[in-house]
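Colleague: heads up, no residue letters with this:
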């Protein structure tokens, strides 16, 4: 679980507002094994595009699956396979 705040300075040649403020909150749930689900809520009270633009609320849902990195045993197995392929 986490919260954050960001303040961005905007390019005055492209945007009406000098800055954009962002608030974010998230929670990461461990579903099973190496699978995680993370809902995030973002609120931007001062969108930089235009001073006439009202505040924006956005939500996202992220699914993360971690894959196991190759260790020495995996490398040895892979090397044996490469050797077997070369011999054929």
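Modeller: Ah, there it is. Predicted model only: the values in this text are computed from it and were never measured.
Colleague: per-residue pLDDT, residue 12?
Modeller: If you check residue 12, the pLDDT there is 89.
Colleague: same deal with the one 3 residues further on?
Modeller: Reported pLDDT at residue 15 in the predicted model: 89.
Colleague: what do you get for residue 49?
Modeller: Model confidence at residue 49 (pLDDT) stands at 83.
Colleague: got a list of what it touches?
Modeller: 15, 16, 17 (CB atoms under 8 Å, 6 or more residues apart in numbering). Using the backbone N, CA and C atoms, a C-beta is placed for each residue, glycine as well.
Colleague: if we go to 7 Å?
Modeller: residue 15 (CB atoms under 7 Å, 6 or more residues apart in numbering).
Colleague: if I've got this straight, residue 57 is in a strand?
Modeller: Yes. Under DSSP: H, G, I helix; E, B strand; the rest coil, residue 57 sits within a strand.
Colleague: element containing the residue most central in space within the chain?
Modeller: Per CA atoms, centre = their mean, the C-alpha nearest to the average position across the chain is that of residue 62, at 7.7 Å. Under the criterion of DSSP states H and E, residue 62 resides in strand 56-65.
Colleague: Show me what that strand pairs with in its sheet, parallel or antiparallel.
Modeller: strand 35-44 (antiparallel) (DSSP bridges).
Colleague: on that earlier part again, gap between the residue nearest to the centre of the chain and residue 26?
Modeller: 9 Å (CB to CB, to the nearest Å).
Colleague: overlap in contacts of the two?
Modeller: residue 38.
Colleague: picking up where we left off before, surely the residue nearest to the centre of the chain meets residue 38?
Modeller: Yes. Counting by CB atoms under 7 Å, residue 62 does reach residue 38; the two are 4.5 Å apart.
Colleague: which residues in this protein form helices?
Modeller: 72-87 (DSSP state H).
Colleague: low pLDDT regions in this protein?
Modeller: Scanning the chain for pLDDT under 70 picks out 69-88.
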